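# Next comes the sequence, and after it the predicted model I'd like to discuss.
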Protein chains: 2
Amino acid sequence: MAQTRSKPKNAFYAQSGGVTAVINASAAGVIETARKYPKKIGRVYAGNNGIIGALTEELIDTYKESKKTIEGLRHTPSGAFGSCRYKLKGLEENRREYERLMEVFEAHDIRYFLYNGGGDSADTCLKVSQLSEKMGFPIQVIHVPKTVDNDLPFTDNCPGFGSVAKYVAIATREASFDVASMCKTSTKVFILEVMGRHAGWIAAAGGMAADQNNNIPIVILFPEVPFDRARFLEAVDKKVKKHGYVSVVVSEGARDGDGRFLSDRGLTDAFGHAQLGGVAPFIAGLIKQDLGYKYHWAVADYLQRAARHIASKNDIQHAYAVGRHAVRMALTGENAVMPAIKRISNKPYKWRVEKVELSKVANVEKKMPGSFIGKDGFGITGKCREYLAPLIKGEDYPPYKDGLPDYVRLKNLQVAKKLKPFEI
Amino acid sequence: MAQTRSKPKNAFYAQSGGVTAVINASAAGVIETARKYPKKIGRVYAGNNGIIGALTEELIDTYKESKKTIEGLRHTPSGAFGSCRYKLKGLEENRREYERLMEVFEAHDIRYFLYNGGGDSADTCLKVSQLSEKMGFPIQVIHVPKTVDNDLPFTDNCPGFGSVAKYVAIATREASFDVASMCKTSTKVFILEVMGRHAGWIAAAGGMAADQNNNIPIVILFPEVPFDRARFLEAVDKKVKKHGYVSVVVSEGARDGDGRFLSDRGLTDAFGHAQLGGVAPFIAGLIKQDLGYKYHWAVADYLQRAARHIASKNDIQHAYAVGRHAVRMALTGENAVMPAIKRISNKPYKWRVEKVELSKVANVEKKMPGSFIGKDGFGITGKCREYLAPLIKGEDYPPYKDGLPDYVRLKNLQVAKKLKPFEI
């Protein structure tokens, strides 16, 4: 490798929070772009299990991976370097951890900090950049957006969301076709529980299963609309009477008028413990009790966010682009910014990546607009369909081997430690 | 259409029981093949909602559908004409219904009865053929095999099963990649509940998610192996300690030493009612209580059998072939038979369709061989992998429109009724 007079500085990349079908595409965007500028970026080190890897000095040398393997990240779901649920506390409460980060960065000649995550990691990015300024240790901080929750502000959408939306729309369409076949003598109500603890973005995608050709009857339960048992059961009953069946897409975040999650008043296990994540069986119970219809229910859980086999092509392109632009921003001297997706037009779908200041992003949650939810509170509007349509568009199949997606596993070789151990 | 001296007789086709991702491919095989022989087969009438359509004289004229639409059936999941869960009782108890069938067949000039289903429909076929002989009304009966349960004898596999197996293997692989990323600070156990009330064929497919490259730790709970809580939790704990995480694939039919379904002693809803289909949350409860690991669980339910978007290519070819051969058998004068899949070799995978007498098939259930389950009762053997490998092989993507599979909906126009109404 060519050496310039001043040795090129290294970059640190980490994955944070719940992983997605396309976060590794962002990683590929980061690593492949950085490799093009060996005079400016020495190596990209990845945190083993996210930011924890930086604290414990477990740094993965991504340059030990072949070109082909890094290309394979583009079609591999999950977090290839490991992710973590670990939020750094405020600077005042937890100066020790921030200082440790700086220590590790200094020891390994790291001057670029690229953090791939949602709202919490945007906040961490901002704090690291503030501390860097205070301490006079120059770190350029770039936040790479990712979250299936689609709740980051100033970006049209969050990489990871489009693929979950596509999965949920397809699952709802397929299951609805199934129930339609069975409803004469058997199942009349199908209930699909989807993610989205705080917002109905993912549940809304279920509405895309219906179009003018298939006329699938769907009732959506959004966290944004307080659950009204009588009105809900009436809507279900009406659709069953008209169409013979109905599909219910319920957000795990659906709640009642008091803000209590429906899943919390649902099931108890054999030991009387409350079970989380079980709003689908709770809804099924209501239908059985009040309407007596035969039902089936599914809980997609991780399957929805890991389903790289049917990821959205546009989503993958977004994910890759924010990774690529993050490196470019780093190279042009940016700090405390996030590459965001800007929608230019719907038909044809055009978009570009633009720069947003992290101070604007951190701690702001993007809610689903009221105008996206239909008047009765159980469906999506044309405006919502317009927004979602390009996000689920396009297929980008992974390669298959022996009937299964050929996802890559990295070697994840770590750089030799230089510092004393650190307790987290 | 050319007329021969004796007017060609019509065929009746119906879909029975739980539908699959590929049963419509069998329908396409039947209809496309029949259309090639207009001098021998007049029209193919499909039962509206399965056999019920024959009893109520609701006959769909499949020849009103365009060539393109019928082609579209090949890539459309579910039962395009409607299916039903309706088992005709024994001849003695229920002669009335069998005689009605004959009456409808006679009124509409039907001499071929093609019934697409599992064990129960094979039994119905046999009874219809026996009655036809007794009554002297000549009906040729062909059973077209279908069932995700894979429990029909004398056929290497049942169309529908291969695609569910592929779905479960992919889902297990994808979710396992997800959990592997999260396990350092979050979820360590992922539980996927799959179909298979009586046999572990579908659960076994979860084992295919692992291969030498990815080394995914999996524990499978088969209906064939009585559940032993202590041994199961030990197996889970061991894998978590070694790999950091584990995926559990549990059959809905998993049961304890007394033959009681685990799902039956699992959850109760808010009203204290027992909930079926909830073995995954039950298992999650045990893990939480005894091991304390963070878990996630998913219930695939209809999604697994409706997932045409990722159906197995070999499965689709099998499904189409049994439809095509059913018509051919009808044309060569066969009666009370079933086209079955005969495996010739594994590598390369070669197979053909052969004829099996229905008297041998009816009321025989094919169990999973003991040699397919590993010694510890929690995994699959090499022999099982060899069997499953070709069944999940190959992709056959449906066309997409606006990001979603473009599945066809039929017009389903019915033939004018000629008989008095019939109460079922």
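On my side now, so go ahead. Small disclaimer: the values here were computed from a predicted structure and weren't measured.

# and residue A:340, that one's in a strand?
Yes. Judged by DSSP: H, G, I helix; E, B strand; the rest coil, residue A:340 forms part of a strand.

# Look at the residue lying closest to it once chain neighbours are set aside and report its pLDDT.
Nearest residue to residue A:340 in three dimensions, chain neighbours excluded: residue A:155, at 3.7 Å (Cβ to Cβ, 6 or more residues apart in numbering or on different chains). Using the backbone N, CA and C atoms, a C-beta is placed for each residue, glycine as well. With respect to pLDDT, residue A:155 scores 97.

# Kindly report the same for residue A:4.
47.

# And residue A:86, by the same measure?
88.

# thought it was touching residue A:51?
Yes. Counting by Cβ atoms under 8 Å, residue A:86 does reach residue A:51; the two are 5.9 Å apart.

# Could you check which of the two has the larger neighbour count?
Counting neighbours by other Cβ atoms under 10 Å in any protein chain shown for residue A:86 and for residue A:51 shows that residue A:51 has the greater number, 26 against 20.

# sorry, back to before: who's in contact with the residue nearest to residue A:340?
A:145, A:338, A:340-342, A:356 (Cβ atoms under 8 Å, 6 or more residues apart in numbering or on different chains).

# Could you list the low-confidence segments of the stretch 301-424 of chain A?
Nowhere does the stretch 301-424 of chain A drop to pLDDT under 70.

# now the helices for it?
A:302-306, A:313-331, A:358-361, A:382-388 (DSSP state H, counting those that start in this stretch).

# still on that earlier bit, distance of the residue nearest to residue A:340 from residue A:163?
Distance, residue A:155 to residue A:163, by Cβ to Cβ, to the nearest Å: 16 Å.

# List the beta-bridge partners for residue A:190.
Per DSSP bridges, the residues bridged to residue A:190 are residue A:247, residue A:296.

# Now for it: which residues touch it?
So residue A:190 contacts A:175-176, A:178-179, A:245-248, A:295-298, B:302 (Cβ under 8 Å, 6+ apart).

# list the contacts for residue A:400?
A:406, B:395.

# hmm, back to that, shared neighbours of residue A:86 and residue A:51, anything?
Counting by Cβ under 8 Å, 6+ apart, the residues touching both residue A:86 and residue A:51 are residue A:16.

# Could you report the neighbour count for residue A:348?
Neighbours of residue A:348 (other Cβ under 10 Å): 7.

# From the contacts of residue A:155, list the buried ones, please.
By neighbour count, with 16 or more other Cβ atoms under 10 Å in any protein chain shown, the contacts of residue A:155 hold A:145, A:338, A:340-341, A:356 as buried.

# quick check, nearest of the residues you listed to residue B:235?
residue A:145 (39.4 Å; Cβ to Cβ).

# is the closest one in a bridge, and if so with what?
residue A:117.

# okay, it: pLDDT?
pLDDT, residue A:145: 98.

# For it, give me its contacts.
A:116-118, A:122, A:152, A:155, A:158-159, A:322, A:338-341 are the contacts of residue A:145 under Cβ under 8 Å, 6+ apart.

# Could you identify the pair within the residues you listed that is furthest apart?
It's A:117 and A:341 that sit farthest apart of those, by Cβ to Cβ, at 15.8 Å.

# so residue A:205 makes contact with residue A:171?
No. Counting by Cβ under 8 Å, residue A:205 does not reach residue A:171; the two are 9.6 Å apart.

# which neighbours do these two share?
Contacts common to residue A:205 and residue A:171, judged by Cβ under 8 Å, 6+ apart, are absent.

# how about the longest helix that chain A contains, does it reach chain B?
Longest among the helix segments of chain A by residue count, using DSSP state H, is helix A:161-182. Yes. Counting by Cβ under 8 Å from any Cβ of the partner chain, chain B is contacted by helix A:161-182 at A:166, A:169-171, A:173-175, A:177-182.

# Show the buried residues in those residues.
A:166, A:169-171, A:173-175, A:177-182.

# just curious, which of those residues is nearest to residue A:416?
Nearest member of those to residue A:416, counting by Cβ to Cβ, is residue A:166, at 42.4 Å.

# ok, back up a step: just to confirm, which helix or strand has the residue nearest to residue A:340 in it?
Here residue A:155 is covered by no helix or strand, with elements defined by DSSP states H and E.

# which phi and psi does it have?
When read as degrees, to the nearest 10, the backbone of residue A:155 gives phi -120, psi 140.

# swap in the one 5 residues further on?
Backbone geometry at residue A:160, expressed as degrees, to the nearest 10, gives phi 110, psi -40.

# out of everything not next to it in sequence, what's closest to it?
Leaving out its chain neighbours, residue A:160 is closest to residue A:20 (Cβ to Cβ, 6+ apart), at 3.2 Å.
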